[in-house]
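Q: What follows is a predicted protein model with its sequence.
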Amino acid sequence: MLDLPISKVAAVQTAPVYLDTGATVKKACALIAEAATNGARLVAFPEVFIGGYPYWNWLMTPIEGAIWFERLCHASIAIPGPEVSQLCKAAREYDCVVVIGANERDPRALGTLYNTNIIIGNDGTLLGRHRKLVPTWAEKLTWTGGDGSSLRVYDTPVGPLGTLACGENTNTLARFALLSEGELVHVANYISLPVAPATYNMAEAIRLRASAHSFEGKLFTVVSCSTVSEEIIDAMSRTHPESRALLERRSSAFSGVIDPHGNLIGDALIDDEGIVYAEIDLNQCIQPKQMHDIIGGYNRFDIFDLRIDRSTRHASSFIDPEIPPTVDQNTQEQQNV
(Lines give C-alpha, C1' and ligand atoms only; values in the text may rest on other atoms or scores of the structure.)
Protein backbone atom coordinates (compact mmCIF):
# COMPACT_ATOMS: atom_id res chain seq x y z
CA MET A 1 0.00 0.00 0.00
CA LEU A 2 1.30 3.44 -0.92
CA ASP A 3 1.82 5.62 2.13
CA LEU A 4 3.23 9.06 1.37
CA PRO A 5 4.30 11.50 4.11
CA ILE A 6 2.77 14.83 5.04
CA SER A 7 5.39 17.08 6.61
CA LYS A 8 6.01 20.60 7.79
CA VAL A 9 9.11 22.12 6.21
CA ALA A 10 11.12 25.26 6.93
CA ALA A 11 13.16 27.52 4.67
CA VAL A 12 15.63 29.79 6.46
CA GLN A 13 16.41 33.23 5.02
CA THR A 14 19.26 34.90 6.87
CA ALA A 15 22.92 35.89 6.62
CA PRO A 16 25.85 33.96 8.06
CA VAL A 17 28.26 35.45 10.54
CA TYR A 18 30.59 36.44 7.74
CA LEU A 19 33.75 34.32 7.46
CA ASP A 20 33.25 33.15 11.06
CA THR A 21 32.66 29.43 10.82
CA GLY A 22 32.23 28.68 14.51
CA ALA A 23 29.69 31.45 15.05
CA THR A 24 27.77 30.50 11.89
CA VAL A 25 27.52 26.84 12.88
CA LYS A 26 26.26 27.93 16.30
CA LYS A 27 23.68 30.17 14.58
CA ALA A 28 22.61 27.29 12.31
CA CYS A 29 22.11 24.96 15.28
CA ALA A 30 19.96 27.57 17.02
CA LEU A 31 17.83 27.97 13.87
CA ILE A 32 17.44 24.19 13.59
CA ALA A 33 16.16 24.18 17.16
CA GLU A 34 13.75 27.05 16.45
CA ALA A 35 12.36 25.51 13.26
CA ALA A 36 12.00 22.04 14.77
CA THR A 37 10.28 23.45 17.86
CA ASN A 38 7.75 24.94 15.44
CA GLY A 39 7.15 21.51 13.94
CA ALA A 40 9.51 21.43 10.95
CA ARG A 41 10.77 17.99 9.84
CA LEU A 42 13.01 19.52 7.16
CA VAL A 43 15.11 22.67 7.63
CA ALA A 44 16.72 24.17 4.53
CA PHE A 45 19.57 26.70 4.75
CA PRO A 46 21.07 29.02 2.12
CA GLU A 47 23.87 28.31 -0.31
CA VAL A 48 27.40 28.40 1.23
CA PHE A 49 25.91 29.49 4.54
CA ILE A 50 29.00 28.21 6.34
CA GLY A 51 31.89 30.48 5.41
CA GLY A 52 29.83 32.88 3.34
CA TYR A 53 29.64 34.03 -0.27
CA PRO A 54 32.62 35.60 -2.09
CA TYR A 55 31.02 38.94 -2.97
CA TRP A 56 34.50 40.36 -3.62
CA ASN A 57 34.59 38.44 -6.92
CA TRP A 58 31.95 40.83 -8.24
CA LEU A 59 33.30 44.00 -6.62
CA MET A 60 37.10 43.79 -6.80
CA THR A 61 39.84 42.75 -9.18
CA PRO A 62 41.23 39.22 -8.71
CA ILE A 63 44.39 40.70 -7.15
CA GLU A 64 42.38 42.79 -4.69
CA GLY A 65 40.18 39.82 -3.85
CA ALA A 66 43.05 37.37 -3.24
CA ILE A 67 43.35 38.20 0.46
CA TRP A 68 39.60 37.62 0.87
CA PHE A 69 39.93 34.26 -0.87
CA GLU A 70 42.62 33.32 1.63
CA ARG A 71 40.28 34.25 4.48
CA LEU A 72 37.55 32.11 2.93
CA CYS A 73 39.94 29.16 2.73
CA HIS A 74 40.52 29.48 6.46
CA ALA A 75 36.74 29.61 7.02
CA SER A 76 36.07 26.53 4.86
CA ILE A 77 35.34 23.13 6.38
CA ALA A 78 36.15 19.47 5.84
CA ILE A 79 33.28 17.07 5.18
CA PRO A 80 33.02 15.09 7.38
CA GLY A 81 34.54 17.20 10.12
CA PRO A 82 33.86 18.75 13.53
CA GLU A 83 31.50 21.42 12.21
CA VAL A 84 29.43 18.82 10.38
CA SER A 85 29.35 16.74 13.56
CA GLN A 86 27.77 19.67 15.42
CA LEU A 87 25.09 20.01 12.74
CA CYS A 88 24.45 16.26 12.79
CA LYS A 89 24.03 16.40 16.55
CA ALA A 90 21.43 19.18 16.21
CA ALA A 91 19.55 17.26 13.51
CA ARG A 92 19.46 14.16 15.69
CA GLU A 93 18.46 16.07 18.82
CA TYR A 94 15.59 17.82 17.06
CA ASP A 95 14.60 14.91 14.78
CA CYS A 96 14.70 16.83 11.52
CA VAL A 97 16.37 16.56 8.12
CA VAL A 98 18.84 19.38 7.41
CA VAL A 99 20.21 20.68 4.11
CA ILE A 100 22.84 23.39 4.47
CA GLY A 101 25.37 25.02 2.15
CA ALA A 102 29.06 25.26 2.99
CA ASN A 103 32.44 26.16 1.58
CA GLU A 104 34.16 22.78 1.50
CA ARG A 105 37.93 22.53 1.18
CA ASP A 106 39.57 19.78 -0.82
CA PRO A 107 41.34 17.34 1.52
CA ARG A 108 44.56 17.44 -0.56
CA ALA A 109 44.52 20.38 -2.96
CA LEU A 110 45.20 23.47 -0.86
CA GLY A 111 43.40 26.41 -2.44
CA THR A 112 40.67 24.26 -4.00
CA LEU A 113 37.20 24.94 -2.62
CA TYR A 114 33.79 23.52 -3.46
CA ASN A 115 30.33 25.06 -3.16
CA THR A 116 28.73 22.15 -1.30
CA ASN A 117 25.30 21.27 0.04
CA ILE A 118 25.36 18.96 3.07
CA ILE A 119 22.44 16.56 3.53
CA ILE A 120 21.85 15.29 7.07
CA GLY A 121 19.23 12.75 8.15
CA ASN A 122 16.89 13.19 11.09
CA ASP A 123 18.90 10.54 12.96
CA GLY A 124 22.03 12.67 12.66
CA THR A 125 23.55 10.62 9.85
CA LEU A 126 25.55 12.45 7.18
CA LEU A 127 23.56 11.22 4.19
CA GLY A 128 25.70 12.89 1.55
CA ARG A 129 27.00 16.06 -0.01
CA HIS A 130 26.45 17.73 -3.34
CA ARG A 131 29.19 19.83 -4.90
CA LYS A 132 27.90 22.50 -7.28
CA LEU A 133 28.64 21.23 -10.78
CA VAL A 134 29.55 24.56 -12.40
CA PRO A 135 30.34 27.76 -10.47
CA THR A 136 28.39 30.67 -11.93
CA TRP A 137 30.17 33.51 -13.73
CA ALA A 138 32.51 35.32 -11.29
CA GLU A 139 32.28 32.39 -8.85
CA LYS A 140 34.84 30.55 -10.98
CA LEU A 141 37.50 32.64 -9.22
CA THR A 142 36.64 30.83 -5.98
CA TRP A 143 35.15 27.38 -6.53
CA THR A 144 35.98 24.26 -8.50
CA GLY A 145 33.14 22.30 -10.06
CA GLY A 146 32.04 19.00 -8.58
CA ASP A 147 31.55 15.72 -10.42
CA GLY A 148 28.47 13.63 -11.11
CA SER A 149 28.93 11.40 -8.07
CA SER A 150 26.76 13.70 -5.95
CA LEU A 151 23.74 13.78 -8.25
CA ARG A 152 21.70 11.67 -5.87
CA VAL A 153 18.30 11.51 -4.21
CA TYR A 154 18.08 10.50 -0.54
CA ASP A 155 15.36 8.60 1.29
CA THR A 156 14.19 10.77 4.18
CA PRO A 157 11.10 10.95 6.42
CA VAL A 158 9.82 13.88 4.35
CA GLY A 159 10.21 11.95 1.09
CA PRO A 160 12.80 11.33 -1.64
CA LEU A 161 14.98 14.45 -1.39
CA GLY A 162 17.46 16.05 -3.79
CA THR A 163 19.25 19.38 -3.87
CA LEU A 164 20.99 21.77 -6.23
CA ALA A 165 22.74 25.05 -5.48
CA CYS A 166 21.71 28.40 -6.94
CA GLY A 167 22.35 28.76 -10.67
CA GLU A 168 22.51 25.03 -11.34
CA ASN A 169 18.76 24.98 -10.75
CA THR A 170 18.77 26.40 -14.29
CA ASN A 171 20.55 23.25 -15.54
CA THR A 172 17.81 21.18 -17.16
CA LEU A 173 19.89 18.00 -17.31
CA ALA A 174 20.97 18.19 -13.66
CA ARG A 175 17.36 18.67 -12.61
CA PHE A 176 16.20 15.79 -14.81
CA ALA A 177 18.88 13.55 -13.30
CA LEU A 178 17.35 14.08 -9.84
CA LEU A 179 13.80 13.67 -11.14
CA SER A 180 14.75 10.38 -12.78
CA GLU A 181 15.79 9.05 -9.37
CA GLY A 182 12.32 9.70 -8.01
CA GLU A 183 12.83 13.09 -6.38
CA LEU A 184 9.64 14.46 -4.79
CA VAL A 185 11.17 17.09 -2.47
CA HIS A 186 13.76 19.47 -3.90
CA VAL A 187 15.87 21.90 -1.88
CA ALA A 188 17.09 24.81 -3.99
CA ASN A 189 19.33 27.14 -2.04
CA TYR A 190 20.66 30.49 -3.14
CA ILE A 191 22.57 33.57 -2.08
CA SER A 192 21.22 37.07 -2.32
CA LEU A 193 22.89 38.62 -5.38
CA PRO A 194 22.19 42.35 -5.50
CA VAL A 195 25.28 42.86 -7.70
CA ALA A 196 23.53 41.22 -10.66
CA PRO A 197 22.90 43.29 -13.82
CA ALA A 198 20.35 46.07 -13.39
CA THR A 199 17.78 44.33 -15.60
CA TYR A 200 18.00 41.10 -13.55
CA ASN A 201 15.44 40.66 -10.78
CA MET A 202 17.12 38.09 -8.54
CA ALA A 203 14.07 37.38 -6.35
CA GLU A 204 11.85 36.78 -9.36
CA ALA A 205 14.52 34.67 -11.07
CA ILE A 206 14.71 32.41 -8.00
CA ARG A 207 10.94 32.00 -7.82
CA LEU A 208 10.68 31.33 -11.56
CA ARG A 209 13.26 28.53 -11.45
CA ALA A 210 11.62 26.93 -8.42
CA SER A 211 8.18 27.05 -10.04
CA ALA A 212 9.57 25.59 -13.26
CA HIS A 213 11.15 22.62 -11.50
CA SER A 214 8.06 21.96 -9.40
CA PHE A 215 5.76 22.17 -12.41
CA GLU A 216 7.94 20.03 -14.67
CA GLY A 217 8.68 17.41 -12.03
CA LYS A 218 5.35 17.58 -10.16
CA LEU A 219 7.08 17.92 -6.82
CA PHE A 220 7.66 20.34 -3.94
CA THR A 221 10.56 22.80 -4.00
CA VAL A 222 11.85 24.35 -0.78
CA VAL A 223 13.80 27.53 -1.51
CA SER A 224 16.24 28.99 1.02
CA CYS A 225 18.19 32.15 0.26
CA SER A 226 20.70 34.19 2.23
CA THR A 227 20.55 37.91 2.91
CA VAL A 228 23.25 40.57 2.73
CA SER A 229 23.94 41.77 6.26
CA GLU A 230 25.30 45.16 7.27
CA GLU A 231 28.42 43.28 8.35
CA ILE A 232 28.97 42.10 4.76
CA ILE A 233 28.26 45.52 3.30
CA ASP A 234 30.73 47.16 5.69
CA ALA A 235 33.41 44.59 4.90
CA MET A 236 33.11 45.02 1.13
CA SER A 237 32.69 48.81 1.12
CA ARG A 238 35.58 49.54 3.48
CA THR A 239 38.03 49.68 0.55
CA HIS A 240 35.44 49.95 -2.24
CA PRO A 241 32.81 52.48 -1.07
CA GLU A 242 30.84 52.15 -4.31
CA SER A 243 29.98 48.60 -3.24
CA ARG A 244 27.48 49.80 -0.65
CA ALA A 245 24.90 50.99 -3.19
CA LEU A 246 25.23 47.73 -5.13
CA LEU A 247 24.85 45.48 -2.09
CA GLU A 248 21.85 47.41 -0.72
CA ARG A 249 19.76 46.81 -3.85
CA ARG A 250 16.34 45.36 -3.07
CA SER A 251 14.47 42.36 -4.52
CA SER A 252 17.61 40.24 -4.31
CA ALA A 253 16.50 37.36 -2.07
CA PHE A 254 13.52 34.97 -2.15
CA SER A 255 12.65 32.07 0.15
CA GLY A 256 9.48 30.02 0.03
CA VAL A 257 7.88 26.67 -0.78
CA ILE A 258 6.42 25.78 -4.18
CA ASP A 259 3.78 23.09 -4.82
CA PRO A 260 3.60 20.55 -7.70
CA HIS A 261 1.55 22.98 -9.81
CA GLY A 262 4.29 25.60 -9.56
CA ASN A 263 2.36 27.76 -7.08
CA LEU A 264 3.69 29.39 -3.94
CA ILE A 265 2.35 27.87 -0.72
CA GLY A 266 1.49 30.63 1.73
CA ASP A 267 3.81 33.61 1.94
CA ALA A 268 7.36 34.12 0.74
CA LEU A 269 10.18 36.15 2.22
CA ILE A 270 11.72 38.74 -0.09
CA ASP A 271 14.89 40.37 1.26
CA ASP A 272 13.79 40.19 4.91
CA GLU A 273 15.23 37.70 7.37
CA GLY A 274 13.09 34.97 8.89
CA ILE A 275 11.86 31.39 8.49
CA VAL A 276 9.13 30.34 6.07
CA TYR A 277 7.01 27.32 7.03
CA ALA A 278 4.71 25.21 4.89
CA GLU A 279 3.00 21.83 4.95
CA ILE A 280 3.83 19.53 2.04
CA ASP A 281 1.62 16.52 1.24
CA LEU A 282 3.33 14.20 -1.24
CA ASN A 283 -0.06 12.72 -2.17
CA GLN A 284 -0.57 16.00 -4.06
CA CYS A 285 2.11 14.86 -6.54
CA ILE A 286 0.00 11.97 -7.87
CA GLN A 287 -2.71 13.66 -9.95
CA PRO A 288 -0.33 16.15 -11.62
CA LYS A 289 1.94 13.22 -12.55
CA GLN A 290 -0.98 11.49 -14.25
CA MET A 291 -1.03 14.47 -16.59
CA HIS A 292 2.73 15.07 -17.10
CA ASP A 293 5.08 12.44 -15.67
CA ILE A 294 8.22 13.28 -17.63
CA ILE A 295 10.25 10.47 -16.04
CA GLY A 296 7.56 7.93 -16.84
CA GLY A 297 4.53 7.75 -19.09
CA TYR A 298 4.87 11.28 -20.46
CA ASN A 299 8.18 10.71 -22.21
CA ARG A 300 9.71 8.77 -25.09
CA PHE A 301 12.80 6.94 -23.92
CA ASP A 302 12.94 5.08 -27.22
CA ILE A 303 13.83 8.50 -28.69
CA PHE A 304 15.67 10.24 -25.85
CA ASP A 305 18.57 8.73 -23.88
CA LEU A 306 20.25 10.67 -21.07
CA ARG A 307 23.48 9.12 -19.76
CA ILE A 308 24.82 10.40 -16.42
CA ASP A 309 28.39 9.68 -15.34
CA ARG A 310 28.37 9.40 -11.56
CA SER A 311 31.97 8.25 -11.21
CA THR A 312 34.21 10.11 -8.78
CA ARG A 313 36.94 12.20 -10.40
CA HIS A 314 40.48 12.37 -9.03
CA ALA A 315 43.44 14.59 -9.84
CA SER A 316 45.50 11.58 -10.91
CA SER A 317 45.45 7.80 -11.10
CA PHE A 318 48.38 5.93 -9.60
CA ILE A 319 49.52 2.60 -11.05
CA ASP A 320 51.90 1.02 -8.56
CA PRO A 321 54.22 -1.80 -9.67
CA GLU A 322 53.59 -5.26 -8.30
CA ILE A 323 56.03 -6.10 -5.54
CA PRO A 324 58.10 -9.13 -6.61
CA PRO A 325 57.99 -12.06 -4.20
CA THR A 326 60.86 -12.40 -1.75
CA VAL A 327 63.24 -15.33 -1.75
CA ASP A 328 61.53 -16.75 1.33
CA GLN A 329 58.13 -16.57 -0.40
CA ASN A 330 59.49 -18.42 -3.46
CA THR A 331 60.99 -21.14 -1.24
CA GLN A 332 57.72 -21.56 0.65
CA GLU A 333 55.72 -21.83 -2.59
CA GLN A 334 58.09 -24.52 -3.93
CA GLN A 335 57.76 -26.49 -0.69
CA ASN A 336 53.96 -26.30 -0.92
CA VAL A 337 54.11 -27.81 -4.41
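A: That came through, no problem.
Q: Where do the strands of the protein begin and end?
A: 6-13, 42-44, 97-105, 113-120, 126-131, 154-156, 159-165, 185-190, 220-225, 254-258, 269-270, 274-281 (DSSP state E).
Q: would you list the ones you listed in JSON lines and tack on mean neighbour count?
A: C-beta here means a position set from N, CA and C on the backbone, and glycine is covered the same way. Listed next are the strands of the chain as JSON lines, based on neighbours: other C-beta atoms under 10 Å:
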{"stretch": "strand 6-13", "mean neighbour count": "24"}
{"stretch": "strand 42-44", "mean neighbour count": "30"}
{"stretch": "strand 97-105", "mean neighbour count": "27"}
{"stretch": "strand 113-120", "mean neighbour count": "26"}
{"stretch": "strand 126-131", "mean neighbour count": "20"}
{"stretch": "strand 154-156", "mean neighbour count": "17"}
{"stretch": "strand 159-165", "mean neighbour count": "25"}
{"stretch": "strand 185-190", "mean neighbour count": "28"}
{"stretch": "strand 220-225", "mean neighbour count": "30"}
{"stretch": "strand 254-258", "mean neighbour count": "28"}
{"stretch": "strand 269-270", "mean neighbour count": "20"}
{"stretch": "strand 274-281", "mean neighbour count": "18"}
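Q: what sits up against stretch 256-274?
A: Stretch 256-274 has contacts (C-beta atoms under 8 Å, 6 or more residues apart in numbering) with 9, 11, 13-15, 192, 203, 207, 210-215, 217-223, 225, 227, 250-255, 276-280, 284-285, 288-289.
Q: before we move on, what about stretch 173-186?
A: Residues contacting stretch 173-186 (C-beta under 8 Å, 6+ apart): 9, 42, 133, 148, 151-153, 156, 158-164, 168-169, 213-214, 216-217, 219-222, 280, 282, 285, 294-295, 306, 308.
Q: swap in stretch 74-82?
A: Under C-beta under 8 Å, 6+ apart, the answer for stretch 74-82 is 19-21, 50-52, 83-84, 102-105, 107, 113, 116, 118, 126, 129.
Q: And it, end to end?
A: 14 Å (C-alpha to C-alpha, to the nearest Å).
Q: one step back: can you put the strands of the chain in JSON lines and add mean pLDDT?
A: Below are these laid out as JSON lines (pLDDT from 0 to 100):
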{"stretch": "strand 6-13", "mean pLDDT": "99"}
{"stretch": "strand 42-44", "mean pLDDT": "99"}
{"stretch": "strand 97-105", "mean pLDDT": "99"}
{"stretch": "strand 113-120", "mean pLDDT": "99"}
{"stretch": "strand 126-131", "mean pLDDT": "98"}
{"stretch": "strand 154-156", "mean pLDDT": "98"}
{"stretch": "strand 159-165", "mean pLDDT": "99"}
{"stretch": "strand 185-190", "mean pLDDT": "99"}
{"stretch": "strand 220-225", "mean pLDDT": "99"}
{"stretch": "strand 254-258", "mean pLDDT": "99"}
{"stretch": "strand 269-270", "mean pLDDT": "98"}
{"stretch": "strand 274-281", "mean pLDDT": "98"}
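Q: Let me have the ones you listed in CSV, adding distance to Pro62 as columns.
A: Below are the strands of the chain laid out as CSV (distance: least, C-beta to C-beta, whole Å):
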stretch, distance to Pro62
strand 6-13, 30
strand 42-44, 32
strand 97-105, 18
strand 113-120, 15
strand 126-131, 22
strand 154-156, 37
strand 159-165, 22
strand 185-190, 24
strand 220-225, 26
strand 254-258, 30
strand 269-270, 32
strand 274-281, 35
